[in-house]
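J.: have a look; sequence and predicted model below, questions after that.
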Amino acid sequence: MITLRGVKKTFDGRVILRGVDLEIDEGGVTSLLGPSGSGKSTLLRCINGLERFDEGSIAVGDAVYRGGGHPDDPRAVAAIRRACGMVFQQFHLFAHLTAEENVALAPEVVAKLSRAAARDRARDLLEKVGLSSRAHALPRELSGGEQQRVAIARALAMEPRALLLDEPTSALDPERKGEVMDVLAALAEAGTTMVLVTHEPAFARALGGRVVVLRDGALAASDARSEPSPHRDPDADEHD
Ligand SMILES: Nc1ncnc2c1ncn2[C@@H]1O[C@H](COP(=O)(O)OP(=O)(O)OP(=O)(O)O)[C@@H](O)[C@H]1O
Ligand SMILES: [Mg+2]
């Protein structure tokens, strides 16, 4: 469903991605591991069109865009952004909007749902991430784990084909990590396509799916498959 072919990316002449090929199937979790600075966030940002790349191509469903700039790209990037919901390490909620308003914003403004329909969708999603009772709270009134769950609900609000998550639990203390993990595990079980950047092999194992490792700008030791581990311990690996 997401296909990367020969994706090359340089920053100021420094090669960050040296021709990455990756195939992400619908309905599975792909965990992306690798040392700090190896380009994991850059790769995720390229997939979502937040970062341009120099060579190669990225396709999400029918939308394809190419490195180096191409006249058709803006349309493809818009389609790809819509197809991929993004979740960031630092949540990035709108500070002046309540949880419900954060989630309802894109459905109302971008998908042109009525305000009532957008709010209904937001409430359903907040229920899904266990935050029905916090719908009217502002981000500053929410714990980190709650904020991240709102951000996940927001990423789901446009009914994306895939979720791209960049270290979604690394800014959280262990207890809060667990609640975000539980939400992601439920999404994985429901068949949500996810690409997850993490420093925690235990986290990747807990969600099951595929593990690929980015090292020196290329994918190494890829395609180890794992089943969700029944005794997950997301804190087993603390160096995140
Ligand atoms: N906008 C930018 N301009 C210049 N260099 C950048 C930019 N963004 C990232 N880089 C560099 O690209 C390299 C890869 O960065 P990236 O953030 O993708 O790594 P990462 O694997 O996500 O690391 P971490 O695990 O620490 O989050 C780093 O050397 C970084 O300094
Ligand atoms: Mg990163």
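T.: Done, it's in. Ligands and ions are numbered 1, 2, ... in the order given.
J.: CA only for contacts and neighbour counts going forward, please
T.: Will do.
J.: surely Val64 touches Asn48?
T.: No - using C-alpha atoms under 8 Å, Val64 is not in contact with Asn48, being 11.5 Å away.
J.: give me the common contacts of the two.
T.: Common neighbours of Val64 and Asn48 are listed as Val77 (criterion: C-alpha atoms under 8 Å, 6 or more residues apart in numbering).
J.: so in the chain, which helix runs the longest?
T.: helix 174-189 (DSSP state H).
J.: Val64 and Asn48 - which one has more neighbours?
T.: Between Val64 and Asn48, Asn48 has the larger neighbour count (other C-alpha atoms under 10 Å), namely 23 against 19.
J.: quick one: residues contacting Glu108.
T.: Ser114, Arg115, Ala118.
J.: among the residues you listed, which one sits closest to ligand 1?
T.: Nearest to ligand 1 among the contacts of Glu108 is Ala118, at 32.9 Å by C-alpha to the nearest ligand atom.
J.: quick one on the thing from earlier: helices and strands around the longest helix of the chain, which ones?
T.: helix 144-156, helix 201-207 (3 or more C-alpha pairs under 8 Å, 6 or more residues apart in numbering; DSSP states H and E).
J.: Ile119 belongs to a helix?
T.: Quick fix: residue 119 is Arg, not Ile. Yes - remark: Arg119 belongs to a helix, assigned using DSSP: H, G, I helix; E, B strand; the rest coil.
J.: count of neighbours near it?
T.: For Arg119, the number of neighbouring residues by other C-alpha under 10 Å comes to 20.
J.: got phi/psi on the nearest residue to it once chain neighbours are set aside?
T.: Computed as C-alpha to C-alpha, 6 or more residues apart in numbering, the closest residue to Arg119 that is not its neighbour in sequence is Ala104, at 5.4 Å. Torsion angles at Ala104 (phi, psi; degrees, to the nearest 10) stand at phi -80, psi -20.
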